[in-house]
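K.L.:
missing the sequence, but the structure's below:
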């Protein structure tokens, strides 16, 4: 052990050695991580403590899941996750976009587990996950790697250099949310927008405080999935308000298979909307649909 450790670290280590349960050990290790020396001579010690902390945390997580019978986060049809550094405003954005009520604090690393919320966009339900800060011990890259969309929050463009190395295996579409624009002057906004545009990034300027551009953000999130909304209807009735979500360039046959699971034979299909030449047009099974089409099946 390096000779110049702080009294706080020594107290945390004593607490760890006296711990009788794994929960007590984890709490003590957390204090040790916060108070351990940051100089070069302490590199080996820091690596050792981080390894012990990670293994013990994983052990406790597995134990909790087993005892509660709850699996990990179940991926929904449309899933996006909020990625960012600590205090970037992820929890505030989750609260403004969804029905979730996360703890919002200026204290660093407040979010220690994933928080779920559901965003409603014109009847489309989108699962949004607020991830712990990317530099936190609690960050789970596995969830980020499989999400359809990564909502990457930054306060300055240089934040991307710190965040992107953690996302090299993530395949989802990336949307850069430049947050806290309420703190910028008009000139600073123009320069920021010009720089982001020059980097050919998919971005939006946003304020989690004033909610400026929130509707544009919701639309950008939906468009990022590359999906279309298809509304079905029964003869002589209004179209359903909840759409069927389909990949772009889906056909009448694709929609029928998703709805009926090939259990019925389609006798007739009619379309009203962007892909039809006129309202209630009769079409074949190979007809390619567009966003917001209304489809009527006769079986």
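P.N.:
Happy to help now that I have it. Every value quoted in this text rests on a predicted model; they were computed, and no experiment measured them. Residues are numbered from 1 along each chain as shown.
K.L.:
C-alpha from now on. contacts and neighbour counts both.
P.N.:
Will do.
K.L.:
The residue nearest to residue 137 when sequence neighbours are not counted: neighbouring residues, count only.
P.N.:
In this structure, residue 137 finds its nearest non-sequential neighbour in residue 54, 7.4 Å apart by C-alpha to C-alpha, 6 or more residues apart in numbering. For residue 54, the tally of surrounding residues (other C-alpha atoms under 10 Å) stands at 14.
K.L.:
Could you give the separation of the lengthiest helix in the chain from the chain centroid?
P.N.:
Looking across the chain with DSSP state H, the single longest helix is helix 43-68. In terms of C-alpha atoms, centre = their mean, to the nearest Å, the centre of helix 43-68 is set 24 Å apart from its chain centre.
K.L.:
And the protein, what are its domain boundaries?
P.N.:
Domains of the chain are assigned by automatic domain parsing as 7-68, 79-224, 227-298.
K.L.:
Lowest average confidence across those, which one?
P.N.:
Lowest mean pLDDT of those: domain 7-68, a mean of 79.
K.L.:
and whatever helix or strand residue 246 lives in, which strands flank it?
P.N.:
According to DSSP states H and E, residue 246 maps onto strand 244-247. Within its sheet, strand 244-247 is paired with strand 227-233 (antiparallel), according to DSSP bridges.
K.L.:
on that earlier part again, neighbouring contacts of the next helix or strand after the strand holding residue 246?
P.N.:
Sequence-wise, the next helix or strand downstream of strand 244-247 (DSSP H and E) is helix 252-260. Contacts of helix 252-260 from elsewhere in the structure, counted by C-alpha atoms under 8 Å, 6 or more residues apart in numbering, are 244, 246, 262, 266, 269, 284, 285, 286, 287, 288, 289.
K.L.:
ok, now with 10 Å
P.N.:
Helix 252-260 is contacted by residues 230, 232, 244-247, 251, 261-266, 269-271, 283-289, 295-297 when judged by C-alpha atoms under 10 Å, 6 or more residues apart in numbering.
K.L.:
What count of nearby residues applies to residue 230?
P.N.:
Neighbours around residue 230, by other C-alpha under 10 Å: 24.
K.L.:
Which positions are bridged to the residue nearest the centre of the chain in the beta structure?
P.N.:
Geometric centre of the chain, nearest residue: residue 81, 0.7 Å, by C-alpha atoms, centre = their mean. On the basis of DSSP bridges, residue 81 takes part in beta bridges with residue 129, residue 150.
K.L.:
Appreciated, that's everything.
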